[in-house]
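J.: sequence and computational prediction follow.
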Amino acid sequence: MHRGERRERHALLEQRPRPRGRFVISAYDDGAARGLHSHTWRMRLRDGRRSVCVSSQSGCPLTCTFCATGQMQFRRNLTAWEILDQVLHSKRIEPVDHVVFMGMGEPMLTLTTCRCGAAAPDLGATPRRTTISTVGWMPGLTRFVDEVDEPIRLALSLHAPADALRSEIMPVNDRYPLDDVLAECRRYFELRGRKVFVEYVMLEGVNRQRRACRRARRTCWIATSSR
């Protein structure tokens, strides 16, 4: 590792969030014997920002192989109030100034509800401090690009730089290939003038080889630049 790479890695580690605690919120449908669980994380960044990572579904139907939620039974979409409850519960513990939809579920499968749940400026998180993440569910992503005028941030769960590997660990890629998803991200950048944030989980023996990381970096550039 070169000296510059070491400095960059150290800087990234210094900025990483510190988990402050996880809690589980249970909801009971009428007549249901078992509750529906949604996990929420509180995180504090080293610069003082306090983020809450919320769930949009109980379980997830998209079954990404590296994701614990994807291996759970999908129960149902959460309501807007159930999403807001996660933020409210966090706020009772300490102030909240950022909300990220990166918990259980795929937010683009329930975009309307997530938009209602994201309307929490009175709780400390304005649209500019709210991020909705997606694995690339195209119907919801297209709606997000076309309909969401609020400056809510968009994040792409990439995790693999090419279709073959991405389809292996993220079955949704068979339905919506990476090139189509990246094209929609570029359209978002061109239409809204906002950056697309990219998430990439480093999986030992899967996607963390030097060649894969270089290709992922190039893919990130494609996703966040105009033609």
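T.: Here it is on my side, so go on. Here the structure is a predicted model, which is why all the values come from computation and not from measurement.
J.: all strands for this structure, in order.
T.: 18-27, 36-44, 50-53, 57-58, 76-77, 98-101, 130-134, 153-157, 196-199 (DSSP state E).
J.: and of those strands, who's closest to residue 113?
T.: strand 76-77 (6.3 Å; CB to CB). For the C-beta atoms, the positions are set from N, CA and C on the backbone; glycine is no exception.
J.: hang on, the earlier thing: include mean neighbour count when you put the strands of the chain into CSV, please.
T.: Output for the strands of the chain, formatted as CSV (neighbours: other CB atoms under 10 Å):
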stretch, mean neighbour count
strand 18-27, 13
strand 36-44, 19
strand 50-53, 23
strand 57-58, 26
strand 76-77, 16
strand 98-101, 24
strand 130-134, 23
strand 153-157, 21
strand 196-199, 16
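J.: what's the closest of these to residue 111?
T.: Nearest of these to residue 111, taken as CB to CB: strand 130-134 at 7.9 Å.
J.: centre of the chain to the closest one, how far?
T.: Remark: strand 130-134 is offset 5 Å from the chain centroid, using CA atoms, centre = their mean, to the nearest Å.
J.: could you number the chain from 36 rather than 1 from now on?
T.: Sure, I'll start numbering at 36, so the last one becomes strand 165-169.
J.: what angle do strand 188-192 and that strand make with each other?
T.: Put simply, strand 165-169 runs at 30 degrees to strand 188-192, going by axes from the mean of the first three to the mean of the last three CA atoms, to 10 degrees.
J.: partners of strand 165-169 in the sheet?
T.: Strand pairing for strand 165-169, determined by DSSP bridges: strand 133-136 (parallel), strand 188-192 (parallel).
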